[in-house]
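1. Mind folding the following:
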Amino acid sequence: MFGRKKKSSETLVNDEFHPSKDQIKRATRTRLIWALLSSLLLLISLVFIILVEIGDTSISPIRNKIHFISLDLSNIIPVRVPNAVLINSIAQTLGLHDFYTVGLWGFCEGYNGAGVTFCSKPKTLYWFNPVEILQNELLAGATIALSAQVDDILKLIRVVSQVMFGLFLTGACMSFIMMFIVPLSVYSRWATFPITIFTFITALLTTVGAVIATVLFIIMKNAITAATQINIGATIGIEMFVFMWIAAGTSILAFIIQIGMCCCCASRRDVRTGRKRGSKKTYRGESSEGEPSSETTEKEPGRFSRLRGRRS
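-> This is a model prediction of the structure:
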């Protein structure tokens, strides 16, 4: 019986507690900081995905440094072969360039002394086909007979490259959209849950794209350098790999922050309804009005209500 009266009196006091807008903002400042940090991480991810996207799209000292792999064909015939220097010179005269670099939208080619001389037109769902390049440039449209194994490898490269292209492009779009939506999680923990799901999708797209690119071009590099019949050098583009993994890492951090915000840090709805009080610093001024300040914690609205009920 006494317990019921106590419960009803506490409910009445809770109903009388209406924090002002300034108090709500101050009480949820921590949540706002984490939300803005998550949005900033998505912005960083977007910037580095854009750098990945623009790599090797035109002749530029900066863009041409951003590539997945670089192939060195300046000495395609090993020196131990008789007349190797003459054969390499003839190959270059016929149209074979010293190096080829591969980006997400196309490839670039050039000579060691002159630098990059040509970049292909950016193409959606691009994939690097060295056989096609040799046919178009060195052999003037002649066909090359390929074994079934090589043909299967080229088909696999095409599928994997197109999937990677779609992942990076979709990840960039998702990062741009979520960058503006994530700060809305400060208003309610219920709203944070779907935002967290879409942030996870954003991180997943970027990370899977980075993993596919890493595996694909490392395998390609090892396969090319392992071919002893021809002397082709292959090096991984460090800048491209650093950029895409920074993009993946920052998007993962944004997702981790959103997971924490699902259960931690009082939202504005929590403070408004009395579920949580948020930052204790917000209510330190209440001691002058006879209300507890430092003793009251974020998760003890009932204790705060009982103290007010006793004093009334």
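
2. for the stretch 201-312 of the chain, what are the low-confidence residue spans?
-> Along the stretch 201-312 of the chain, the model assigns pLDDT under 70 to residues 227-230, 266, 268, 270-271, 274-312.

3. what about 80?
-> In the predicted model of the stretch 201-312 of the chain, residues 224-232, 263-312 satisfy pLDDT under 80.

4. which residues in it form helices?
-> 238-261, 268-273, 301-311 (DSSP state H, counting those that start in this stretch).

5. List the buried residues of the first one.
-> Buried residues in helix 238-261, defined by neighbour count with 16 or more other CB atoms under 10 Å: 240-241, 243-255, 257-258, 261. All C-beta atoms are positioned from the backbone trio N, CA, C, and that covers glycine.

6. Which residues are in contact with residue 44?
-> Contacts for residue 44 (CB atoms under 8 Å, 6 or more residues apart in numbering) come out as 246, 247, 250.

7. now, which of those sits nearest residue 127?
-> The shortest approach to residue 127 among those belongs to residue 247, at 20.9 Å (CB to CB).

8. got the contact list for the residue lying closest to that closest one once chain neighbours are set aside?
-> What sits nearest to residue 247 in space, not counting adjacent residues and going by CB to CB, 6 or more residues apart in numbering, is residue 48, at 3.9 Å. Residue 48 is in contact with 243, 244, 246, 247, 250, counting by CB under 8 Å, 6+ apart.

9. do residue 164 as well
-> Residue 164 makes contact with 104, 209, 212, 213, 216, according to CB under 8 Å, 6+ apart.

10. try it again with 6 Å
-> 209, 212, 213 (CB atoms under 6 Å, 6 or more residues apart in numbering).

11. measure it to residue 238 for me?
-> Separation of residue 164 from residue 238 (CB to CB, to the nearest Å) stands at 18 Å.

12. Residue 110 touches residue 101, doesn't it?
-> No: checked against CB atoms under 6 Å, the pair residue 110 and residue 101 is beyond contact range at 8.3 Å.

13. These two: which has the busier surroundings?
-> A direct count of neighbours by other CB atoms under 10 Å for residue 110 and residue 101 places residue 101 higher, at 25 against 18.

14. can you tell me which helix or strand the more buried one belongs to?
-> strand 99-102 (DSSP states H and E).

15. Pull up the pairing partners for that strand, direction included.
-> Using DSSP bridges, strand 99-102 pairs in its sheet with strand 69-72 (antiparallel), strand 107-111 (antiparallel).

16. Now mean pLDDT too, for those strands, in CSV please.
-> Output for the strands paired with strand 99-102, formatted as CSV (pLDDT from 0 to 100):
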stretch, mean pLDDT
strand 69-72, 88
strand 107-111, 89
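
17. Same list (those) but as a markdown table, adding distance to residue 125.
-> Formatted as a markdown table, the strands paired with strand 99-102 follow (distance: least, CB to CB, whole Å):
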| stretch | distance to residue 125 |
| --- | --- |
| strand 69-72 | 18 |
| strand 107-111 | 14 |
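
18. closest one to residue 225 among the ones you listed?
-> Among the strands paired with strand 99-102, the nearest to residue 225 by CB to CB is strand 69-72 (10.2 Å).

19. No further questions, thank you.
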